[in-house]
Every structure is written in C-alpha cells, then in structure tokens.
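A.B. asks: Have a look at this prediction, sequence included:
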Amino acid sequence: MRKIPFVLHGFGTIAKTHIVALRTLPVIKRLPFVPVLDTLVTRRPDLHKEQASAMGFEHITDSLEEAVNRESVVAVSVCTPNALHPDSIRTAGEAGKALYCEKPIADNYSESVQAAAGFPKQLTAQVALMFRYHPAVQRTTELLRQESIGQILQCKISYLRSGYLDQERPFSWRVSSELSGGGAITDIGVHALDLICHWFGDLSHIDGTTETFVNERKVEPGSERKVAIKVDDWAAINYETVTGVRGMVEVSRIAWGSDAFSVQIVGTRGSIIMDLEKDTYPQVQLLRGALSHFPEPAGLKLLPDAKATMGVFVDSHFAALHHFMHRIVGNDEFQGLAPTLGDALRVEKYVDQVRKKE
C-alpha cells in the first residue's frame with residue numbers, strides 16, 4: 001500500500017476539516033494508498049504540539065520550508081488566510097510537492113494569476129471547490145448531461161450564511177481586506193460561480209453589486225477598540241453564459257436564520273431544485289411524466305458510504321481529497337471533476353469583475 005504523506009499548512013477550522021477527511025479515509029475506504037499526516041505547520045507549534053500528536057502528526061513546525069523539504073512528503077494542503085496562499089504555493093512547487101489549496105488562490109485576482117502560473121505544470125494541483133463532489137451536485141451534473149429537463153434556460157443560486165450579522169463577533173482574518181481580499185463574494189460566491197461554470201461553461205456577461213452592512217468590529221472579545229470593515233457582507237450577481245443560460249447569484253454572510261445553499265435550474269421540460277445544506281438528491285419536476293430513475297455517477301464512489309456519512313459538507317471535502325490522491329497516484333477515472341487552478345482562476349476573474357464595479 002502506497003503512503004501519501006501530507007503537510008498541513010494552517011490549523012484553523014478548515015484545516016481541521018481536511019484532517020478529519022484524511023484521517024477518516026482509510027477507515028471508510030479500502031484503497032491502494034493511504035494518507036499520512038506527516039507534518040503540521042502552524043504559527044504556534046508549542047501550543048498545538050500535544051493535539052497535533054494525538055491527531056497522528058509525526059512532526060510539527062512553524063516553517064513550511066522545513067516541512068516540504070522532508071523527503072517523505074508528497075503533498076501540501078494549504079489552509080492559511082488567503083493572502084498567504086501564494087507563498088505557500090510557491091514553496092510547495094519549488095519543493096516538487098503536489099498541491100491541495102483552499103480557495104481562493106490568493107486575496108486578489110492578479111496575485112492568483114501569478115501564483116497559478118508559477119506552479120509547475122507537471123505536479124498535481126487541486127483547489128478546494130469541493131461542492132462539485134456533493135452528491136446532489138454530481139447527480140445534477142449527470143441529469144444535465146442527459147438533458148433530463150431539456151434545454152437549460154435559467155439557474156438561480158442563493159448561498160446564505162449567517163454568522164457575521166452579530167456585530168459583537170470580533171475582527172478576524174476573514175473580515176480583513178488585507179488577508180482575505182473580500183467578504184461573502186470571495187468566501188462563498190466562488191462556490192456558486194464554480195457550479196455555474198462547471199454545469200454550463202464560461203460566462204459571456206456578469207455584473208452585480210456588493211454591500212458592507214456591518215462596517216466595524218471589535219478588535220477582540222471584550223475590547224472597546226474597533227476597526228473598520230471594508231469587505232462585503234452580501235452580494236448580488238446577474239450573469240449569462242456563452243450557451244445562453246441566464247440567472248442570478250445571491251451570497252450573504254448575514255442571513256440570520258436563513259442558512260441555505262439553494263439551487264434552482266429551469267429547463268424547457270422542467271426544473272431541478274435542491275438545498276445543498278441538506279439534500280443529497282435534487283428534486284426534479286417535469287412538465288410531463290416523471291423521472292424514471294436517478295443517475296448514479298461514478299464520482300459518487302469518492303464519497304463516504306451512506307452509513308458512514310459525516311454530513312454533506314465534510315463528505316464533500318472527503319471526496320475532493322480522495323480524488324486528489326487518486327490523481328497523485330495516476331489513477332483518475334473521474335475526468336473533468338477535479339477543480340484545477342485554471343478553474344479557480346476563472347471564477348476569481350468573475351468575482352474581480354463584479355468587485356471592480358463597487
């Protein structure tokens with residue numbers, strides 16, 4: 001069995017989601033390879049040493065250069081704030097390591113272009129636009145391929161989160177324009193736009209608006225000192241694809257009590273509706289007749305089995321990292337599914353076009 005030793009760069013919530021997926025993979029799946037938690041890179045190794053060891057990491061350091069120069073390491077998972085991604089990508093590429101990078105590639109489009117261009121083409125690279133692996137999304141992709149609802153006319157996506165409505169929530173890197181580069185449109189808008197492009201291709205037109213409603217936050221809990229917030233809480237986008245599909249995207253991080261990732265696709269013979277927060281199957285409504293059966297795409301094999309589910313969000317991360325490792329060992333039967341650096345650049349370009357109209 002081939003071992004695939006990982007460096008995890010970062011130790012926040014999303015890094016821990018990656019760790020859960022990697023640790024769980026050999027428990028759930030019988031595979032010819034196994035991920036190994038080799039090295040954790042964090043700003044505070046002394047603080048996290050015991051926890052990292054309990055998770056299975058063999059080493060812990062504050063130096064990515066030290067970590068990637070370990071001969072055993074094969075892949076780097078980048079989970080740091082957005083503005084720090086380019087340095088991590090360059091370091092991984094120079095060391096000849098495969099790259100799994102959280103979205104976006106960088107905190108702004110021009111930096112993303114440079115970072116992607118500098119990463120060696122011969123190395124495996126993937127971006128964590130993991131909703132492509134969501135079971136309802138995979139089933140929808142196949143339904144669209146089969147033209148089950150006819151010619152597609154319209155697609156509306158609404159991705160609503162709620163945590164940033166609370167004005168007592170203190171400042172963090174996610175609301176820092178210097179570290180994140182953007183708010184709701186950068187954080188979750190890229191997921192919605194990637195699904196649109198994955199299903200329907202490039203956009204011929206995009207415009208929209210962004211708004212910052214909570215414009216200051218406390219620097220830390222209990223402090224009276226506040227800092228100005230410049231990143232958006234909400235965005236609305238209108239688009240048209242080169243194939244003529246038209247629609248809207250709404251993203252929010254202040255939709256208190258309304259958390260959902262709803263998708264509505266309308267075709268000439270019916271519609272597909274789903275909420276990716278909870279649905280594993282899309283709902284198909286046909287003008288005439290009924291769907292005889294749901295397709296079972298090959299990519300569903302990348303997900304945990306029904307009895308081993310960790311929830312659709314973690315399951316989708318699990319499947320994305322599972323696919324990444326298949327690609328590393330050269331056994332990729334799921335062509336067109338993996339989100340590449342080029343795919344990420346495409347949606348980041350569209351985000352940039354909307355933000356320039358602010």
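C.D. replies: Thanks, I have the structure now. These numbers come from a predicted model, not from an experiment.
A.B. asks: any idea which residue sits dead centre in the chain?
C.D. replies: The centre of the chain sits closest to Leu129, judged by Cα atoms, centre = their mean, with a distance of 3.1 Å.
A.B. asks: secondary structure element for the residue nearest to Ile237 when sequence neighbours are not counted?
C.D. replies: Using Cβ to Cβ, 6 or more residues apart in numbering and skipping residues adjacent in sequence, the residue nearest Ile237 is Gly208, 3.6 Å away. The way it works is simple: take the backbone N, C-alpha and C, and place the C-beta from them, glycine included. Taking DSSP states H and E as the criterion, Gly208 maps to strand 203-211.
A.B. asks: Just say helix, strand or coil for Arg43.
C.D. replies: Per DSSP: H, G, I helix; E, B strand; the rest coil, the local secondary structure of Arg43 is coil.
A.B. asks: What about the closest residue to the residue nearest to the centre of the chain other than its chain neighbours, how many residues nearby?
C.D. replies: Once flanking residues are discounted, Leu129 sits nearest to Pro339: 3.8 Å by Cβ to Cβ, 6+ apart. Neighbouring residues of Pro339 were enumerated by other Cβ atoms under 10 Å; the total is 27.
A.B. asks: and Pro339, which of the three is it?
C.D. replies: When states are read from three-state DSSP, the local structure at Pro339 comes out as coil.
A.B. asks: do you know how far it is from Leu165?
C.D. replies: Plainly put, Pro339 is 29 Å away from Leu165 if you go by Cβ to Cβ, to the nearest Å.
A.B. asks: cool, and Glu211?
C.D. replies: Plainly put, Glu211 is 13 Å away from Leu165 if you go by Cβ to Cβ.
A.B. asks: Between those two, which contacts overlap?
C.D. replies: Residues touching both Glu211 and Leu165 comprise Asp233, with contact defined as Cβ atoms under 8 Å, 6 or more residues apart in numbering.
A.B. asks: thinking again about what came up before, show the contacting residues for the residue nearest to the centre of the chain.
C.D. replies: With contact taken as Cβ under 8 Å, 6+ apart, Leu129 is in contact with Lys103, Val190, His191, Asp194, Pro339, Asp343, Ala344, Val347.
A.B. asks: Out of those, grab the one that's most surrounded.
C.D. replies: When those are compared by neighbour count (other Cβ under 10 Å), Pro339 ends up highest, at 27 neighbours.
A.B. asks: Next one: Phe324 from Lys226, what distance?
C.D. replies: Following Cβ to Cβ, the distance that separates Phe324 from Lys226 is 41 Å.
A.B. asks: Compare the two and say which one has the larger neighbour count.
C.D. replies: Set side by side, Phe324 and Lys226 show more neighbours around Phe324, with 24 against 14, by other Cβ under 10 Å.
A.B. asks: so the residue nearest to Leu129 touches Arg132, yeah?
C.D. replies: Yes - counting by Cβ atoms under 8 Å, Pro339 does reach Arg132; the two are 6.0 Å apart.
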